[in-house]
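# Turn this into a model:
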Amino acid sequence: MTEPLELDFTVRCPVDHAFATFTRRTTLWWPKSHSFSGDPELEVVIEPRVGGRIFERTPAGDERDWGEITEWDEPRRLSYLWHLGTERSRATRVSIAFEPDGDDATIVRIVHTGWEAWGDDAETWRERNKGGWAGVLDPFQLACVNP
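Residues are numbered from 1 along each chain as shown. Here you go, the predicted model:
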């Protein structure tokens, strides 16, 4: 069994703002290089409900699914299946908890699991996603400190 990726960090904003930045302001901070199309003008959409889609939309209206919401407990928790750039049958699972750290900070805990869907490539896929997370967390943290 491949170990989960577990990431914990603090952002300098309240919980509700951190959650909203992750889920509603994603287009502002998500690196375009971490998308299907790479279009510099793409929109990242997270539909705010269980069963909601996570997808990119280009200015031409083309849409590519990235995942599906499996838990929506605003502003405390978000979970989803993640399959950016691959088939849904190979989706991994991501759970993100947003916990208050005083009035003006939030501890974000990410657990990314389900590598078994990749069979013999599980460890390679885990490492690839580890690099992917490294590329999105700094922009997210910066977006959190901007209203």
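# Gly67 against His83, yeah?
Yes: counting by Cβ atoms under 8 Å, Gly67 sits close enough to His83 to count as a contact (5.9 Å). All C-beta spots, glycine's among them, are computed from the backbone N, C-alpha and C.
# Need the residues touching each of those two.
Ala91 (Cβ atoms under 8 Å, 6 or more residues apart in numbering).
# Give me the distance from the longest strand along the chain to the chain's centre.
Longest strand in the chain, counting residues (DSSP state E): strand 63-73. Mean-position distance between strand 63-73 and its chain equals 9 Å (Cα atoms, centre = their mean, to the nearest Å).
# Run through the neighbouring helices and strands of that strand.
Counting contacts by 3 or more Cβ pairs under 8 Å, 6 or more residues apart in numbering; DSSP states H and E, strand 63-73 is packed against strand 53-57, strand 77-82, strand 92-100.
# 7 Å instead?
If you count contacts as 3 or more Cβ pairs under 7 Å, 6 or more residues apart in numbering; DSSP states H and E, strand 63-73 packs onto strand 53-57, strand 77-82.
# Parallel or antiparallel, list what pairs with it.
Paired with strand 63-73 in the same sheet, following DSSP bridges, are strand 53-57 (antiparallel), strand 77-82 (antiparallel).
# thinking again about what came up before, of the helices and strands packed on strand 63-73, which is nearest Trp125?
For Trp125, the closest of the helices and strands packed on strand 63-73 is strand 77-82, at 10.7 Å, according to Cβ to Cβ.
# Give me the angle between that closest one and strand 92-100.
Orientation check (axes from the mean of the first three to the mean of the last three Cα atoms, to 10 degrees): strand 77-82 against strand 92-100 gives 160 degrees.
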